[in-house]
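S.K.: Show me the folded form of this:
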Amino acid sequence: QYALMMNTVCLSVVNCSDPGFVENAIRHGQQNYPESFKYGTSVAYHCKKGFYLLGSSALTCKSNGLWDRSLPKCLSIYCGHPGVPANAVLSGDKFTYGSIIHYSCTAGRSLIGNSTRECQEDSHWSGTLPHCSGNSPGYCDDPGIPAHGSRLGDEFKTKSLLRFSCEMGYQLRGSSERTCLFNGSWSGVQPVCEAVSCGNPGTPANGMIIYSDGILFSSSVIYACWEGYKTSGLTTRHCTANGTWTGTAPDCTVISCGDPGALANGIQFGNDFTFNKTVSYQCNPGYVMEPASSSTMRCIKDSTWNQSKPVCKAITCGPPPPVLYGKVEGSDFRWGASIQLTIHVQTLALHILAYKTVPEAMRQPETPAHVDVKAIDLPTLGYTLVYTCQPGFFLAGGSEHRTCKPDMKWTGKSPICKSKGVREVNETITKTPVPSDVFFVNSLWKGFYEYLGKRQPATLTVDWFNTTSSKVNATFTDASSLQLKLSGIYKKEEAHLLLKIFQIKGSNDIFINKFENDNWALDGYVSNQTTMDKPC
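M.R.: Presented below is the predicted three-dimensional model:
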């Protein structure tokens with residue numbers, strides 16, 4: 001069967017978990033129910049009245065299923081101490097948004113100005129600071145000195161002038177100069193020194209604020225990065241007298257351990273070398289990994305791998321047993337190597353035997369009834385038995401070929417050949433010669449392969465074929481979406497196809513589970529089968 005297979009791209013939907021709600025805030029931007037937060041979705045937070053935002057107001061779902069920033073905080077608006085004029089009493093000890101304080105004068109003095117003030121949304125008190133009237137003709141009462149401020153002038157007689165200023169980091173609100181009037185009151189508005197505000201310092205991507213004592217002068221914020229990210233820059237910032245934060249928010253960059261490098265005589269799987277990601281190794285046929293349990297490495301938070309890279313060492317069989325009436329020629333006892341035995345039979349003849357270094361305990365399994373068996377030594381699989389049913393019989397179960405594994409066991413199951421006269425399926429299969437254009441580009445072969453005695457569905461797509469050299473490039477795909485890129489030679493006169501792997505795509509676990517005992521090659525013979533239904 002021949003077909004054209006179109007390439008498809010599989011896209012998986014990335015969702016972020018619910019980011020949660022912020023105390024004293026309203027969340028916007030997600031109205032679906034039940035709520036789902038797909039890649040690219042943004043969620044915004046708005047503080048309720050009486051609170052100000054610290055952090056980032058908007059969060060966006062990233063392609064890795066995580067939000068780009070941590071949740072902000074909504075903190076209470078604070079107006080600070082309103083100040084107390086001379087000869088006055090303040091009632092009220094709460095200075096947050098909505099709080100109201102009251103003033104009154106002592107010793108029978110009259111209050112001039114606002115008797116009550118309220119903490120507003122802009123962090124300022126309503127009205128102005130009042131003062132109490134003087135008690136002597138030609139004099140004004142002491143207007144006081146604002147907190148975090150200073151006063152130039154100590155005369156309170158009529159026409160006396162006072163000048164006010166604030167400490168560094170505070171700005172004057174009210175009148176900087178006041179004159180004592182004839183009615184015993186001061187001109188202008190009572191001055192107040194208010195701390196400079198630096199505003200929201202913001203939150204870096206992949207980071208968060210772990211400490212803050214406000215956004216006014218002398219306040220501080222401390223940053224930290226999420227797990228898996230490292231800090232670049234200063235982690236602490238301070239609100240300065242000019243209303244700006246020192247430095248800039250730090251950068252949080254993902255922790256990377258770097259490429260650990262390829263493994264000699266092995267294959268590396270995984271190309272993400274960032275925090276908590278893994279890289280796995282598989283030794284080539286004929287090599288064993290040391291240490292045996294070190295096939296997977298993980299990137300840890302100090303930007304190093306959790307272990308050293310393993311080593312693939314060649315499998316050796318050791319010297320063969322002594323030969324009676326003969327001698328051993330060859331000293332290479334590595335996996336796949338051959339030696340020669342020279343045997344003298346009554347000194348009349350010399351017989352040369354060549355065989356591969358296979359385990360001494362390997363025995364060929366018993367041949368079932370109605371089965372012909374052929375033993376071949378395939379370059380990649382090793383010593384292999386190929387079974388065919390005798391004329392008049394068909395393969396009803398078991399494996400068409402079995403290979404001796406390094407653990408001295410045979411792959412697959414013993415074949416079962418049944419008479420065609422009792423075949424239950426109403427179809428006949430006729431083998432026809434293999435067409436000359438069987439390897440045209442994008443042709444699709446559908447069939448199966450055998451693994452541990454079970455048939456597994458698979459497809460083979462021809463990617464490229466050279467009619468002169470008979471070189472073939474193809475893609476092998478099984479039901480688990482494991483994809484193997486193959487390259488090899490097709491021998492037309494023998495209908496023999498040998499393809500070796502040069503690239504693997506898919507899950508590491510699937511690859512290890514299915515192919516850890518195989519020798520990483522497609523080695524066999526090509527046949528063309530046509531199926532015809534019998535008439536009823």
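S.K.: can I have stretch 259-269 written out in CSV, keeping just the CAs?
M.R.: Provided in CSV are the C-alpha atoms of stretch 259-269 (Å, rounded to 0.1, in the frame of the first residue of the first chain):
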residue,chain,number,x,y,z
ASP,A,259,25.2,22.3,28.0
PRO,A,260,26.9,19.4,29.8
GLY,A,261,28.2,18.2,26.4
ALA,A,262,27.8,15.1,24.3
LEU,A,263,28.7,11.6,25.6
ALA,A,264,31.4,9.7,23.9
ASN,A,265,29.9,6.4,22.5
GLY,A,266,26.4,7.5,23.6
ILE,A,267,23.4,9.7,22.7
GLN,A,268,22.2,12.8,24.6
PHE,A,269,18.5,13.6,25.0
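S.K.: got the contact list for it?
M.R.: Stretch 259-269 is contacted from outside by 273, 279-284, 287, 289, 297, 305, 309-312, 314, 504, 508, 511, using Cβ atoms under 8 Å, 6 or more residues apart in numbering. C-beta coordinates here come from the backbone N, C-alpha and C atoms, glycine included.
S.K.: try it again with 6 Å
M.R.: Here stretch 259-269 makes contact (Cβ atoms under 6 Å, 6 or more residues apart in numbering) with 273, 279, 280, 281, 282, 283, 284, 287, 305, 309, 312, 508.
S.K.: can I get those in CSV with secondary structure and pLDDT?
M.R.: Listed next are the contacts of stretch 259-269 as CSV, based on DSSP: H, G, I helix; E, B strand; the rest coil; pLDDT from 0 to 100:
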residue, secondary structure, pLDDT
273, coil, 94
279, strand, 94
280, strand, 94
281, strand, 94
282, strand, 92
283, strand, 92
284, coil, 91
287, strand, 90
305, strand, 94
309, coil, 92
312, strand, 93
508, helix, 51
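S.K.: Any of those residues buried? List them.
M.R.: Neighbour-count burial (16 or more other Cβ atoms under 10 Å) is assigned, among those, to 273, 279, 281, 282, 283, 287, 305, 309, 312, 508.
S.K.: who does the third one bridge with?
M.R.: It stands for residue 281. Taking DSSP bridges as the rule, residue 281 bridges to residue 268.
S.K.: roughly how far apart are it and residue 79?
M.R.: Computed with Cβ to Cβ, to the nearest Å, the distance linking residue 281 and residue 79 is 64 Å.
S.K.: Pick out the most distant pair among the buried ones among the contacts of stretch 259-269.
M.R.: The largest separation in the buried ones among the contacts of stretch 259-269, counting by Cβ to Cβ, is between 273 and 287 at 24.0 Å.
S.K.: Scan this protein for its longest strand.
M.R.: strand 454-465 (DSSP state E).
S.K.: can you list the residues that contact that strand?
M.R.: Against strand 454-465 from outside (Cβ under 6 Å, 6+ apart): 5, 439, 441, 443-446, 448-449, 472-479.
S.K.: Just the buried residues of the residues you listed.
M.R.: Among those, those classed as buried by 16+ other Cβ under 10 Å are 439, 443, 444, 445, 449, 472, 473, 474, 475, 476, 477, 478.
S.K.: show me the contacts for the last one.
M.R.: Residue 478 makes contact with 456, 458, according to Cβ under 6 Å, 6+ apart.
S.K.: Next, work out how far apart the closest residue to residue 258 other than its chain neighbours and residue 266 are.
M.R.: Take residue 258 and drop its neighbours on the chain: the residue closest to it by Cβ to Cβ, 6 or more residues apart in numbering is residue 273, 5.8 Å away. Distance of residue 273 to residue 266, computed by Cβ to Cβ: 17 Å.
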